[in-house]
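S.K.: the following comprises the amino acid sequence and a computationally predicted model.
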Amino acid sequence: MKRWFLGIDTSNYRTSAALFCPETREWKNCGRLLRVEEGAIGLRQSEAVFQHNLYLSDMIGNLPAGIAQDIEAVSVSTAPRAVSGSYMPCFLVGQNVAASLAHILGVPLYGCSHQIGHVAAAALSAGVLDWMTTQEFYAWHVSGGTTELLHVYTGEDNGGMPHADCIGGTSDLAAGQLIDRTAALLGLPFPGGEHLEKLADQSDYGLFFRPKVENSTFSLSGIENKVKDLHAKGSAPEKIAGFTIRTIASAMELATLQACRQENLPVLCAGGVMSNRYLQKHMSKVFGAQFAEPMLSGDNAVGVAVVASLMHPVQMEIRREREERAAREL
């Protein structure tokens, strides 16, 4: 009999539910992008919450049926990042549904950050899931709202969940925001990543800017101004697209090099922006970095379910020890 872990993720742009089996490493993810009005480059939280309420039940309903008795635990993303003050109302939709499912199924409920879910999904997809429990590594989480270089490591004090400490990345604009804004400037649809990549591939990626990087941290807001300046001067759209992507690659390279000078660790890249083939080729060439397949690069609930499978044995052992201690005290 297979053990399954159910994961739910309600991020700012995608609703998803997933099942993961740790013994076979099988997974099934059902998700859909939230609708963004033509010409817009984002969603208000109220609109995101409304759409999650519309679509999440359908995503759960599309998962394989007849395995309720085999579900060991339910897991859900509760915040963008595992830091104080990280919060978005859209995650409450997933939390409420997950809590209800866990209660009806009579199984534990685990919570994790959206970010660590991305890292876990990338590790699973890249075939290095053992990194999550056996070694330290660097992980880039590069998405529409986040561009962070993380130091990931295990710790007995974290209930089975790996630590992910931010040690660098952007100090202002996220790489995904820069890409979406550049795409909008060039009249491309939202989300802009795939469309900008296709346009950039028509360039030679020869034009770029090397941003200032200190302590693995850099700014991308100035790059946006340079993009606008190129556009105002009539530069070809494909050159602007190539400039944007190669400049992001340059910033990530310098930030990673500075981290590796402190401690040379393997590199994993997660998040929707890291499905970009130029970024993958560049980071692979310089650092031998590992990546997720496109399906598990963007927002998904698979990583959330994977985190539950890592936490579950630890939490069950903690619970058993508490019960034994209580019995002795009686």
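M.R.: Happy to help now that I have it.
S.K.: contact partners for R210?
M.R.: Applying C-beta atoms under 8 Å, 6 or more residues apart in numbering, we find R210 in contact with 247, 250, 254. Placement of C-beta: from N, CA and C, glycine included.
S.K.: ok, those vs T10, which is closest?
M.R.: Of all the contacts of R210, T247 has the smallest distance to T10: 31.9 Å, by C-beta to C-beta.
S.K.: which residues does the closest one contact?
M.R.: T247 touches 208-211, 223, counting by C-beta under 8 Å, 6+ apart.
S.K.: want to try CSV for the contacts of R210, with pLDDT as columns?
M.R.: Converted to CSV, these look like this (pLDDT from 0 to 100):
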residue, pLDDT
T247, 98
S250, 97
L254, 98
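S.K.: now do the same contact list for the residue most central in space within the chain.
M.R.: Centroid-nearest residue in the chain: H118, 3.1 Å away (criterion: C-alpha atoms, centre = their mean). Residues in contact with H118 (C-beta under 8 Å, 6+ apart) are 141, 143, 270-271, 299, 303.
S.K.: switch to 7 Å and redo it
M.R.: When contacts are counted by C-beta atoms under 7 Å, 6 or more residues apart in numbering, H118 touches 141, 270-271, 303.
S.K.: next: V307.
M.R.: Counting by C-beta under 7 Å, 6+ apart, V307 touches 75, 112, 116-117, 120, 161.
S.K.: repeat for A308
M.R.: Shown in contact with A308 (C-beta under 7 Å, 6+ apart): 5, 7, 73, 75, 110.
S.K.: same thing with L109?
M.R.: 74, 98-99, 102.
S.K.: now the helices: where do they sit in the stretch 51-200 of the chain?
M.R.: Using DSSP state H, counting those that start in this stretch, the helices found in the stretch 51-200 of the chain span residues 90-105, 114-126, 131-134, 175-185, 193-200.
S.K.: buried residues in the last one?
M.R.: Going back to what we said before, that points to helix 193-200. In terms of neighbour count (16 or more other C-beta atoms under 10 Å), helix 193-200 has its buried residues at 193-197, 199-200.
S.K.: measure V83 to A164 for me?
M.R.: 10 Å (C-beta to C-beta, to the nearest Å).
S.K.: do the same with I245
M.R.: 25 Å.
S.K.: returning to what we had before: quick one: which of the contacts of H118 is most hemmed in?
M.R.: When neighbours are taken as other C-beta atoms under 10 Å, the top entry among the contacts of H118 is G303 (34 neighbours).
S.K.: what about the chain, any weak spots by pLDDT?
M.R.: Within the chain, the set of residues satisfying pLDDT under 70 comprises 156.
S.K.: can you pull out the strands in it?
M.R.: Here the chain has its strands, by DSSP state E, at 4-10, 14-21, 26-33, 71-79, 109-113, 137-142, 147-153, 163-170, 213-214, 217-218, 267-270, 290-291.
S.K.: nearest approach to V93 belongs to which of the ones you listed?
M.R.: Closest approach to V93 among those (C-beta to C-beta): strand 4-10, 4.6 Å.
S.K.: closest one of the contacts of A308 to I67?
M.R.: Nearest to I67 out of those is F5 (C-beta to C-beta; 11.1 Å).
S.K.: bridging residues for the closest one?
M.R.: With DSSP bridges as the criterion, F5 is bridged to F20, A73.
S.K.: now do the contacts for it.
M.R.: Counting by C-beta under 7 Å, 6+ apart, the residues that F5 touches are 20, 72-73, 75, 305, 308-309.
S.K.: what about D204, neighbour count?
M.R.: D204 has 11 neighbours, counted by other C-beta under 10 Å.
S.K.: the one 3 residues further on now?
M.R.: Here the count is done by other C-beta under 10 Å, and L207 has 16 residues near it.
S.K.: surely it touches I245?
M.R.: No. L207 lies out of contact with I245 (C-beta atoms under 7 Å); the separation is 10.7 Å.
S.K.: neighbour-wise, which of I245 and A164 wins?
M.R.: Each of I245 and A164 has its neighbours counted (other C-beta under 10 Å); I245 has more, 28 against 23.
S.K.: that one and V227: what is the separation?
M.R.: Going from I245 to V227 by C-beta to C-beta gives 11 Å.
S.K.: how about E23?
M.R.: For E23, the distance to V227 equals 48 Å [C-beta to C-beta].
S.K.: the two: who's more crowded?
M.R.: Neighbours were tallied for E23 and for V227 using other C-beta under 10 Å; the higher tally belongs to V227 (23 against 10).
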